[in-house]
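A.B. asks: Fold the stuff below for me.
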Amino acid sequence: MKFIHRHIEDIILNTDKTFKGVLLTGARQTGKSTLLKHMFPDKKYVAIDDPFIEEQANRNPNEFMMINPPPVIYDEVQRAPGLFRYIKIKCDESDERGLFCLSGSQPLELMEKASESLSGRVGVLELSGLSLREIQRCDFKTPFIPTMEYLTNRSRTASPVGNIWEHIHRGGYPELQDKNVDWSLFYSSYIKTYLERDVRKLTAVQNLNDFRRFMTAVAARTGQMLNYNGIADEIGKDSVTVKHWMSILESTGIIYILEPYTPSVLKRAIKTPKVYFRDTGLASYLTRWLTPEALAYGAASGQMFETYVITEILKSYSNRGLDYRYFVSYYRGKDNKKIKRDGEEINVESEIDFIIEENGVLYPIEIKQSPNVTADATGAFTVLDRIPDKKRGTGAVVCMCPQPGVLRENVYAVPVWYL
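C.D. replies: Numbering: from 1, shown residues only. The predicted structure follows:
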């Protein structure tokens, strides 16, 4: 399969020129090794996940580095934590830039080691699975934000998608973009490798089948508020174990936990986070939606579409080297908003699926899988007007509509393929 260029490449190159090292994190199989080898063919590549090399790096990291000096790529560097100390020493000895390219599939563990030893010496970036833009070979790289300026610029490169459910079901792992790769076999092998290498290393799970059942229970809840007790009851474990296992899924890039927006002025805001699988293909496999058609018309279609939309938005930010965790959220509150249903007024909770904050402006986003949406879906947006030190910006309903449109003043309908 032909190499797919990644939108983060220019950010990596700039980081390599301005820092003494680059630390590229991300889940397994997102293409970290392939990308670094493609971008830096003149740097020696050392795969520390090779059992022999891992043993050498851990037994005597100083001699290991003497044998494999910079400029060098250390792949899966978290498997040799003792190396970080010597990487720091080498960085401090030289004024050169681009000495080290480090990669690893355990972001939180890597960040802990990097912050202890390499703060100010390496630039930390995240490589997600392929975005729809990258799959389409589109060179538009601006992070998504629901403004007229964004929509106007995006219209010049946006390409309609024949069947978005094929993309949602297939997932964003680079290897799966080769249509000859069997979908089911890929994910089966992925989970087996993940359980036996990452999970077994990070936690003392006695029975990996228990963790597999846990993963399936979480996948079934993608796009929903996180209920540890509900998952614990389903898999027969206690909530403490579930919380620990959830941290493993998060640290290895399998899930993303979206925090709620809870300013003090919104006293009835719910403070429970939501959970999203990073890859909709993996979530589909775990929950046994075996075809795009079954997924599109099944009971999980709404939450899977929401998961896809949010992960695509997050990719647009991480591909620009931006840490989105500090400026994205969602809102749900017991505001008892009144809506009409079957001709009757009923009270419901207010919810905004996604909020992007930029320069003190809050951009609310609703997500609907229907091609036909109305302004009624955005009634909860006005709750943001109560926040005195923030301004509500333009909002959007991301949906299956064929073209962008205006739903009401400052609210747009945005096709999913415009993300």
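A.B. asks: only C-alpha atoms for contact and neighbour calcs from this point on.
C.D. replies: Fine.
A.B. asks: what comes up buried for stretch 257-277?
C.D. replies: For stretch 257-277, the neighbour count (16 or more other C-alpha atoms under 10 Å) marks 257-262, 266, 269-270, 272-277 as buried.
A.B. asks: which two in those residues are spaced the farthest apart?
C.D. replies: The largest separation in the buried residues of stretch 257-277, counting by C-alpha to C-alpha, is between Leu266 and Phe277 at 28.1 Å.
A.B. asks: Name the next helix or strand following the helix-or-strand element of the chain with minimal mean pLDDT along the chain.
C.D. replies: Ranking every helix and strand in the chain by mean pLDDT, DSSP states H and E puts helix 107-117 at the bottom, with a mean of 60. Next along the chain after helix 107-117, taking DSSP states H and E as the criterion, comes strand 122-126.
A.B. asks: Can you list the helices and strands that that following strand packs against?
C.D. replies: strand 21-25 (3 or more C-alpha pairs under 8 Å, 6 or more residues apart in numbering; DSSP states H and E).
A.B. asks: For the nearest residue to Thr142 once chain neighbours are set aside, list the residues it contacts.
C.D. replies: Distances taken as C-alpha to C-alpha, 6 or more residues apart in numbering place Ser316 nearest to Thr142, at 7.0 Å, with adjacent residues excluded. By C-alpha atoms under 8 Å, 6 or more residues apart in numbering, the contact list for Ser316 reads 131, 141-144, 419.
A.B. asks: A ChimeraX selection for the residues you listed, restricted to the buried ones, would help me check which they are.
C.D. replies: Here is the ChimeraX selection string for the buried members of the contacts of Ser316, based on 16+ other C-alpha under 10 Å:
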select :131,143,144,419
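A.B. asks: Secondary structure added to the contacts of Ser316, as JSON lines?
C.D. replies: Below are the contacts of Ser316 laid out as JSON lines (DSSP: H, G, I helix; E, B strand; the rest coil):
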{"residue": "Ser131", "secondary structure": "coil"}
{"residue": "Lys141", "secondary structure": "coil"}
{"residue": "Thr142", "secondary structure": "coil"}
{"residue": "Pro143", "secondary structure": "coil"}
{"residue": "Phe144", "secondary structure": "coil"}
{"residue": "Leu419", "secondary structure": "coil"}
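A.B. asks: okay, the residue nearest the centre of the chain: pLDDT?
C.D. replies: Residue closest to the average C-alpha location in the chain (C-alpha atoms, centre = their mean): Arg278, at 4.7 Å. Per-residue pLDDT puts Arg278 at 97.
A.B. asks: Kindly report the same for Ile339.
C.D. replies: Ile339 carries a pLDDT value of 57.
A.B. asks: what do you get for Val205?
C.D. replies: Per the predicted model, pLDDT is 74 at Val205.
A.B. asks: what about it, is that helix, strand or coil?
C.D. replies: Under three-state DSSP, Val205 falls in the coil class.
A.B. asks: Same question for Glu349.
C.D. replies: On the basis of three-state DSSP, Glu349 is classed as strand.
A.B. asks: before we move on, what about Ala299?
C.D. replies: Ala299 is classified as coil under three-state DSSP.
A.B. asks: so how far is Ser284 from it?
C.D. replies: Ala299 sits at a distance of 12 Å from Ser284 (criterion: C-alpha to C-alpha, to the nearest Å).
A.B. asks: More neighbours: which of these two?
C.D. replies: Ser284 (25 against 10; other C-alpha atoms under 10 Å).
A.B. asks: and the more buried one, what helix or strand is that in?
C.D. replies: Counting by DSSP H and E, Ser284 is part of helix 280-286.
A.B. asks: what comes into contact with that helix?
C.D. replies: 168-172, 184, 187, 215-216, 219-220, 222, 277, 290, 295, 304, 307-308.
A.B. asks: Of the residues you listed, select the buried ones using a PyMOL command.
C.D. replies: Of those, the buried ones go into a single PyMOL selection, burial set by 16+ other C-alpha under 10 Å:
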select buried, resi 168+169+170+171+172+187+215+216+219+220+222+277+290+295+304+307+308
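A.B. asks: Okay, and which of the contacts of helix 280-286 map to helices?
C.D. replies: Judged by DSSP state H, helices contain the following of those: 168-170, 184, 187, 215-216, 219, 295, 304, 307-308.
A.B. asks: Looking at those, which is nearest Asp95?
C.D. replies: Within those, the smallest distance to Asp95 is 42.8 Å, found for Tyr308 (C-alpha to C-alpha).
A.B. asks: Residue ranges in this protein under the pLDDT threshold?
C.D. replies: Residues of the chain meeting the criterion pLDDT under 70: 106-116, 204, 335-348.
A.B. asks: Break it into its domains for me.
C.D. replies: 9-126, 132-138+161-311, 326-418 (automatic domain parsing).
A.B. asks: What is the end-to-end distance of the first one?
C.D. replies: Terminal residues of domain 9-126 are spaced 11 Å apart (C-alpha to C-alpha).
A.B. asks: Spatially nearest residue to Arg221 (excluding sequence neighbours)?
C.D. replies: Spatial nearest neighbour of Arg221, chain neighbours left out: Val275 (7.3 Å); criterion: C-alpha to C-alpha, 6+ apart.
A.B. asks: mind listing what the one you found touches?
C.D. replies: Contacts here follow C-alpha under 8 Å, 6+ apart; on that basis Val275 touches 221-226, 255-258.
A.B. asks: of those residues, closest to Thr15?
C.D. replies: Of all the contacts of Val275, Tyr256 has the smallest distance to Thr15: 24.9 Å, by C-alpha to C-alpha.
A.B. asks: beta partners for the closest one?
C.D. replies: Tyr276 (DSSP bridges).
A.B. asks: Show the backbone phi and psi for Lys17.
C.D. replies: Per-residue torsions, Lys17: phi -80, psi -20 (degrees, to the nearest 10).
A.B. asks: ok, how many other residues are close to it?
C.D. replies: 15.
A.B. asks: That one contacts Gly98, correct?
C.D. replies: Yes - if you go by C-alpha atoms under 8 Å, Lys17 and Gly98 touch, sitting 5.8 Å apart.
A.B. asks: Since that was my last question, I'll sign off now.
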